[in-house]
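Q: Provided below for reference: sequence and predicted model.
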Amino acid sequence: MKFRVIFNYLRSKTLGALIANAGLAFGSFLLVALIFFYLYLPTTTHHGNQVQVPDLTGMDIFEVNQQLTPLLLRYEVGDSSYSAELLPLTVLAQVPKGGHYVKENRRIYLTINRSSPPTLPLPNLFGEGAGSLETAEAILKSVQLTRGRVIYRRSPNYHLLLEIRSGGKVIVPGTRVPIGSSIDLVVGDGTGPEDFILGNLIGMPYQNALLRLGNLSLHLGSVEIPSDMDTTGIDLFVIKHLPEAGDSVSIGDPIDLWIGPKGYQFKEPADK
């Protein structure tokens, strides 16, 4: 009976009935909101089930898995970098960082140490003119390469850069070497006689060969190009030179060069 009276009252068009209906509507909305945010969402999203992310930096990738599995966390390698001070596959950085709280099953993004260093082209240590030991050392340091041994060779020019080596082999500017590599420098000792032994120029880029001749106080003689080769628009390398490597030369001597594309096999003319 009372329910019918209340129902009829709410259906009336009085001011009190309108206010009561608005109050009931607001109360119903508030009740639904409370149930949604405090009962439904926590149940479906596991709200409150948070774990603290461990600090993974310095660990290898196998230790990472052992740390995250019990915490119901996952990882993904998002990037890689290189540090010579750490072992390969060591964690360098992570997102989120250690100490942050996240939900279970969250993915942790890792930056790991590469197994091998990136490479870079060896800069021109001979410079635009006579390359010196001091200039070469400064250039190597600026590009994250290490100056290795300084090897002195008899030459009248003290600390004049004569040759570049890596791993015991002669290399030329442009050769790709790993970052952090040790580069040995062959320089003049300032005590050599005017006559000296000419090194090997074959395989050297033409412009670098010109710089080498200038560093040795030698002059460019004639320049020959094979008659069967079109060198238009290609890089040129020394394929032969006279005097040859190992010959004795004097300061100021002219050196004749034969140039062609890289890898060109020079064919000596047949004897008549």
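A: Now that the structure is in, tell me what you want to look at.

Q: Spatially nearest residue to the residue nearest the centre of the chain (excluding sequence neighbours)?
A: For the chain, Pro118 is the residue whose C-alpha lies nearest the centre (CA atoms, centre = their mean; 4.7 Å). Nearest residue to Pro118 in three dimensions, chain neighbours excluded: Ile179, at 5.6 Å (CB to CB, 6 or more residues apart in numbering). The way it works is simple: take the backbone N, C-alpha and C, and place the C-beta from them, glycine included.

Q: Can you give me the pLDDT of that neighbour?
A: Confidence at Ile179, expressed as pLDDT, is 88.

Q: sorry, back to before: give me the phi and psi for the residue nearest to the centre of the chain.
A: Main-chain torsions, Pro118, degrees, to the nearest 10: phi -70, psi 160.

Q: if I pick it, what's in contact with it?
A: Residues near Pro118 by CB atoms under 8 Å, 6 or more residues apart in numbering: 82, 178-179.

Q: Let's see which of those residues end up in strands.
A: Pro178 (DSSP state E).

Q: Most neighbours of all the contacts of Pro118, which one?
A: Highest neighbour count within the contacts of Pro118: Tyr82, with 17 neighbours (other CB atoms under 10 Å).

Q: So what's the residue count around the spatially closest residue to that one that is not a sequence neighbour?
A: Nearest residue to Tyr82, sequence neighbours excluded (CB to CB, 6+ apart): Arg114, at 4.6 Å. Around Arg114 there are 14 other residues, counting by other CB under 10 Å.

Q: Can you tell me how far Arg114 is from Leu68?
A: 22 Å (CB to CB, to the nearest Å).

Q: just Ile234 next, same as before
A: Ile234 sits 54 Å away from Leu68, taking CB to CB as the criterion.

Q: So which of these two has more stuff around it?
A: Neighbour comparison, Ile234 and Leu68: the larger count goes to Leu68, with 19 against 11 (by other CB under 10 Å).

Q: what's in contact with whichever strand or helix holds the more buried one?
A: If you go by DSSP states H and E, Leu68 is part of helix 61-68. With contact meaning CB under 8 Å, 6+ apart, helix 61-68 is reached by 54, 56, 59, 74-75, 77, 89, 91, 108, 110, 112.

Q: do that again at 6 Å, thanks
A: Helix 61-68 is contacted by residues 54, 56, 75, 89 when judged by CB atoms under 6 Å, 6 or more residues apart in numbering.

Q: Could you list the low-pLDDT ranges of the stretch 151-272 of the chain?
A: 192-194, 266-272 (pLDDT under 70).

Q: Domains in the chain, by residue range?
A: Domain assignment for the chain by automatic domain parsing gives 50-113, 117-192, 195-272.

Q: Could you list the buried residues of stretch 245-260?
A: 249, 251, 253, 255, 257-260 (16 or more other CB atoms under 10 Å).

Q: could those residues go into TSV alongside secondary structure?
A: Supplementary listing: these in TSV, determined by DSSP: H, G, I helix; E, B strand; the rest coil:
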residue	secondary structure
Val249	strand
Ile251	coil
Asp253	coil
Ile255	strand
Leu257	strand
Trp258	strand
Ile259	strand
Gly260	strand
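
Q: Kindly present those as TSV, with separate columns for distance to Arg147.
A: Shown next, in TSV, are the buried residues of stretch 245-260 (distance: CB to CB, whole Å):
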residue	distance to Arg147
Val249	28
Ile251	27
Asp253	31
Ile255	29
Leu257	30
Trp258	34
Ile259	31
Gly260	34
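
Q: Glu134: which of those residues is nearest?
A: Nearest to Glu134 among those, counting by CB to CB, is Ile251 at 22.1 Å.

Q: thinking that closest one is in contact with Leu218, fair?
A: No: counting by CB atoms under 6 Å, Ile251 stays clear of Leu218, with 7.2 Å between them.

Q: picking up where we left off before, compare the contacts of helix 61-68 and tell me which has the most neighbours.
A: Leu56 (23 neighbours).

Q: Please report the distance of that one from Lys262.
A: For Leu56, the distance to Lys262 - CB to CB - is 47 Å.

Q: Glu244: neighbour count?
A: By the criterion of other CB under 10 Å, Glu244 has 12 neighbours.
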